[in-house]
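**Student:** Sequence and predicted structure are below.
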Amino acid sequence: MSSPSAATPVELEVGRIRELSKSGRHLEALASAELLAAAVPGNRDALYLIAANQRSLNRIFEALETLHRLEQFHPRFSLLYQERGHCYTTLRDAPRAITAFARAAGLNPALVTSWMMLERLYRITGEVENAAKAAGQVSTLKHLPADVLKAGRLFSDGELPAAENLLRDYLREANHVEALRLLGRIEHQRGLLDEAERLLESAVAVAPNYRAARFDYARVLIDRQKYPQAQEVIETLLELDPGHRDYLALSAAAFAGLGQSDRAIEVYRQLLVASPEPAELHVALGHCLKSAGRQKEAIESYRRATGIRSSFGDAYWSLANLKTYRFSGGEIAQMRAEEASPLADPVDRCHLCFALGKAYEDRGEYAESWQFYERGNGLKRVESHYDPKITETNTRNQIAVCTAQFFAARAGVGVPDPDPIFIVGLPRSGSTLIEQILASHSLVEGTQELPDLPRIASELGSDYPAALAGLLPEEFRRFAARYLTGARVYRKEKPFFVDKMPNNFRHIGLVHLILPNAKIIDVRREPMACCFSNWKQLFASGQEFTYSIENIARYYRSYLDLMRHWDAVLPGRVLRVCYESVVDDLEANVRRILEFCGLEFEPACIEFYKTERSVRTPSSEQVRRPIFRDALFEWRNYEPWIGALKEALGDARNRYRE
């Protein structure tokens, strides 16, 4: 058997053609590259080698045509723009050459050749300041170790495994801030946020004044939802360069994460006044406007993004995710054309599929809707690493460790603060409605889905929940203090606050130990409705179980098993609220919820839709309307295709009423 890392026949042929090019045998190299491109259409290296050898043979216009074709398949491949720059330099077209080399260097800052050409061209065109900046970049790159420089090129062109291996080998022998930073960026891109944070924190410690490392560190902190820490890092950057667009954009993201929508909106608008082209900024602004309840303005922002970039799937999905927006026939035709394009970016295609699923659902064309929902979920499953066995093993471990005797032996180890009200359950279960009801009370602060409790559980390691048995009383109290301190930045002056992280149902044992007087409400929705609603929802991050009918059903069943256990070992600790019951009798359920939380009844909780606050979940627009029954039986429109879900849920369809 061949080694898993052995080169493929295509890679071997690419290597052979490169050697021909280096030795000046351009006609032979060109003929071989054209044969390879015919065998593997769209291959990045084959097309690049065709263009490079065409230029070497002074067939400049043919080379430019090949590069145009390469750009259609691989628009973020930095070397194609560098090669285009060389073509325009040969044609003595300095402005176009500068544009091409700048694009190459923007995509791949490690391209020394592009920076050298930019320095030369800027001097020719009299742009002294830009020439000096390019020269500075050349000097910086020339002082980098060869392995780090090569890893930077590989990373920028998407070759992450090769870049990572090179950097890890280098760091075994030496410690270098750029190697740490680059490896942190790789881990960030791979979604390994803990490791990315550790590496970038080390890079900042080694070189506190290295702005690029500090910027990347702030980005990871935002993705880890550590918004207060991110703000501190960003403030340092803005002190050094107050008008830097990337720093300002990060600052806006941190404000949004903290629920400070108005401040985020102000910064995004400031950025867009200076430069209205970036479609991503219009979508980010739209998200903030949506959270603030300014739906009309949010729609305008999302639509501006689609006008700037007609293939921008996230902008279309953001419109669909308002739940109240209805696409026109023209918009649907545009989305279908973009989704069907062979050049569609996979991320855009996925967003477009979910948006089209919602568009056709709203039109009552359920077969077409199902087709796109199914395609979108399939695309998400390809990139997902979710393993249902891990969830089910964790459930069994919680049940085995967190017994009544276990809790009795640790009575009183936490802190008595009654401030938190935890709303748990599955996503799309109606939890945002319950949060909005409680946040309409004069004594309750609605925060958001706080990341602190899952982070504490994660830090206890792979041995969690068994690790709880080895904790001392003061450690439980320290965790409680840490949780309450983390929540403080999302609160104002109200004595109680809501934490609506749905997956906290997995950590009810931990909640009970560290915060024995906190209230816990389990919001439960009929399984067919809940599971189907999850399946047609594209989440911004996490909730990987939702992209498979089988995995959704298994997750729901595991949820029922664990909640049954908590009811048995902590009787009366959790209030169960059924979404369907709330819809049928709002006032009775509101009174029941408030009584459980020790709160007096207030009429504002019945008129929850009048409460103005930032809401960051997919249900944000729905909870700004009076209660409605539309969503109770939406799944029945898809009965011809949903038999697998019924079968996979099994007795859970009745057991959820326990």
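**Tutor:** Sure, I can see it. Numbering: from 1, shown residues only.
**Student:** Name the residues of stretch 650-658 that are buried.
**Tutor:** Of all the residues in stretch 650-658, those buried under the rule 16 or more other CB atoms under 10 Å are 652-653, 656. Glycine gets a C-beta too; all of them are placed from N, C-alpha and C.
**Student:** want to throw those into a markdown table with secondary structure?
**Tutor:** Listed next are those as a markdown table, based on DSSP: H, G, I helix; E, B strand; the rest coil:
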| residue | secondary structure |
| --- | --- |
| 652 | helix |
| 653 | helix |
| 656 | coil |
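**Student:** what would these look like in TSV with distance to residue 68?
**Tutor:** Compiled in TSV, the buried residues of stretch 650-658 are given as follows (distance: CB to CB, whole Å):
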residue	distance to residue 68
652	54
653	55
656	56
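**Student:** helices or strands up against whatever helix or strand residue 498 lives in?
**Tutor:** Using DSSP states H and E, residue 498 maps to strand 496-499. Counting contacts by 3 or more CB pairs under 8 Å, 6 or more residues apart in numbering; DSSP states H and E, strand 496-499 packs against strand 420-425, helix 431-439, strand 444-446.
**Student:** hmm, back to that, so which of the buried residues of stretch 650-658 is the closest to residue 516?
**Tutor:** residue 656 (27.5 Å; CB to CB).
**Student:** circling back: just tell me which of the helices and strands packed on strand 496-499 ends up closest to residue 132.
**Tutor:** Using CB to CB, the helices and strands packed on strand 496-499 put strand 444-446 closest to residue 132, at 51.7 Å.
**Student:** Tell me which strands that closest one pairs with, and in which orientation.
**Tutor:** According to DSSP bridges, strand 444-446 forms sheet pairs with strand 496-499 (parallel).
**Student:** Can you give the distance of the partner strand from its chain's centre?
**Tutor:** A distance of 25 Å separates the C-alpha centroid of strand 496-499 from that of its chain, computed with CA atoms, centre = their mean, to the nearest Å.
**Student:** For it, buried residues please.
**Tutor:** 496-499.
**Student:** sorry, back to before: please save the CA atoms from the strand holding residue 498 in CSV.
**Tutor:** The C-alpha trace of strand 496-499 is given here as CSV (Å, rounded to 0.1, in the frame of the first residue of the first chain):
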residue,chain,number,x,y,z
PHE,A,496,-32.0,39.0,37.7
PHE,A,497,-30.8,38.1,34.2
VAL,A,498,-31.5,35.4,31.6
ASP,A,499,-28.9,33.2,30.1
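**Student:** Do me a favour and average the pLDDT over it.
**Tutor:** Computed over strand 496-499, the mean pLDDT rounds to 96.
**Student:** One more: stretch 88-95?
**Tutor:** Mean predicted confidence for stretch 88-95 is 96.
**Student:** Not counting its own residues, what contacts that stretch?
**Tutor:** 55, 58, 60, 96-97, 100, 117, 121, 124-125 (CB atoms under 8 Å, 6 or more residues apart in numbering).
**Student:** could you redo those residues as TSV and give each row secondary structure and neighbour count?
**Tutor:** What follows is the contacts of stretch 88-95, written out as TSV (DSSP: H, G, I helix; E, B strand; the rest coil; neighbours: other CB atoms under 10 Å):
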residue	secondary structure	neighbour count
55	helix	22
58	coil	10
60	helix	16
96	helix	15
97	helix	24
100	helix	25
117	helix	24
121	helix	22
124	helix	14
125	coil	14
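**Student:** Which member of those residues is positioned nearest residue 443?
**Tutor:** Once CB to CB is applied, the member of those that ends up nearest residue 443 is residue 100, at 61.2 Å.
**Student:** tell me the phi and psi of residue 576?
**Tutor:** phi -90, psi 130 (degrees, to the nearest 10).
**Student:** In this structure it contacts residue 522, no?
**Tutor:** Yes: counting by CB atoms under 8 Å, residue 576 touches residue 522, with 5.0 Å between them.
**Student:** These two - which one has more neighbours?
**Tutor:** Between residue 576 and residue 522, residue 522 has the larger neighbour count (other CB atoms under 10 Å), namely 24 against 15.
**Student:** Please give the element, helix or strand, for that one.
**Tutor:** Using DSSP H and E, the element containing residue 522 is strand 519-524.
**Student:** Can you list the low-confidence ranges for the chain?
**Tutor:** 1-7, 613-625, 628-630 (pLDDT under 70).
**Student:** tell me, what residue is most central in it?
**Tutor:** Computing the C-alpha centroid of the chain and ranking residues by CA atoms, centre = their mean puts residue 541 first, at 4.2 Å.
**Student:** Three-state assignment for that one, please.
**Tutor:** Residue 541 ends up coil, using three-state DSSP.
**Student:** Quick check: phi and psi on it?
**Tutor:** phi -160, psi 160.
**Student:** what's the distance between it and residue 447?
**Tutor:** 18 Å (CB to CB, to the nearest Å).
**Student:** circling back: from the contacts of stretch 88-95, which is closest to residue 600?
**Tutor:** For the contacts of stretch 88-95, the nearest to residue 600 is residue 100 (68.1 Å; CB to CB).
**Student:** Excluding chain neighbours, what is closest to that closest one?
**Tutor:** Leaving aside its sequence neighbours, residue 100 sits nearest to residue 85 (CB to CB, 6 or more residues apart in numbering; 3.7 Å).
**Student:** Now find how far off-centre whichever strand or helix holds the one you found is within its chain.
**Tutor:** Secondary-structure assignment from DSSP H and E places residue 85 in helix 78-90. With CA atoms, centre = their mean as the basis, helix 78-90 stands 33 Å off its chain's centre.
**Student:** again, but for stretch 15-28
**Tutor:** Centre-to-centre, stretch 15-28 and its host chain are 42 Å apart (CA atoms, centre = their mean).
**Student:** buried sites along that stretch?
**Tutor:** In terms of neighbour count (16+ other CB under 10 Å), stretch 15-28 has its buried residues at 17-18, 20-21, 26.
**Student:** Could you do stretch 382-394 as well?
**Tutor:** 386, 388, 391-392, 394.
**Student:** likewise stretch 370-381?
**Tutor:** Along stretch 370-381, these residues count as buried under the neighbour rule (16+ other CB under 10 Å): 370-373, 375-377, 379-380.
**Student:** Stretch 265-273 too?
**Tutor:** Under the neighbour-count criterion of 16+ other CB under 10 Å, stretch 265-273 has 265, 267-268, 271-272 buried.
**Student:** so who does residue 536 touch?
**Tutor:** Contacts for residue 536 were tallied using CB under 8 Å, 6+ apart; they are 354, 357-358, 361, 373.
**Student:** where's residue 261 relative to residue 152, distance?
**Tutor:** According to CB to CB, residue 261 stands 37 Å off from residue 152.
**Student:** between the helix ranked longest in the chain and strand 519-524, what angle do the directions make?
**Tutor:** Longest among the helix segments of the chain by residue count, using DSSP state H, is helix 549-569. With axes from the mean of the first three to the mean of the last three CA atoms, to 10 degrees defining the directions, helix 549-569 sits at 140 degrees from strand 519-524.
**Student:** Can you list the helices and strands that helix 549-569 packs against?
**Tutor:** Secondary elements touching helix 549-569 (3+ CB pairs under 8 Å, 6+ apart): helix 388-401, helix 404-408, helix 527-535, strand 574-578, helix 643-649, helix 652-655.
**Student:** list the buried ones in stretch 512-524?
**Tutor:** In stretch 512-524, counting by 16+ other CB under 10 Å, buried: 512-516, 518-524.
**Student:** I'd assumed residue 553 was in contact with residue 649.
**Tutor:** Yes: assessed by CB under 8 Å, residue 649 is found in contact with residue 553 at 4.8 Å.
**Student:** Now for those two: what residues contact both?
**Tutor:** Between them, residue 649 and residue 553 share the contacting residues 527, 531, judged by CB under 8 Å, 6+ apart.
**Student:** got CSV for the buried residues of stretch 382-394, with distance to residue 404 too?
**Tutor:** Output for the buried residues of stretch 382-394, formatted as CSV (distance: CB to CB, whole Å):
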residue, distance to residue 404
386, 32
388, 28
391, 24
392, 22
394, 20
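**Student:** Between these, which sits nearest residue 366?
**Tutor:** Nearest to residue 366 among the buried residues of stretch 382-394, with distances taken as CB to CB, is residue 386, at 26.8 Å.
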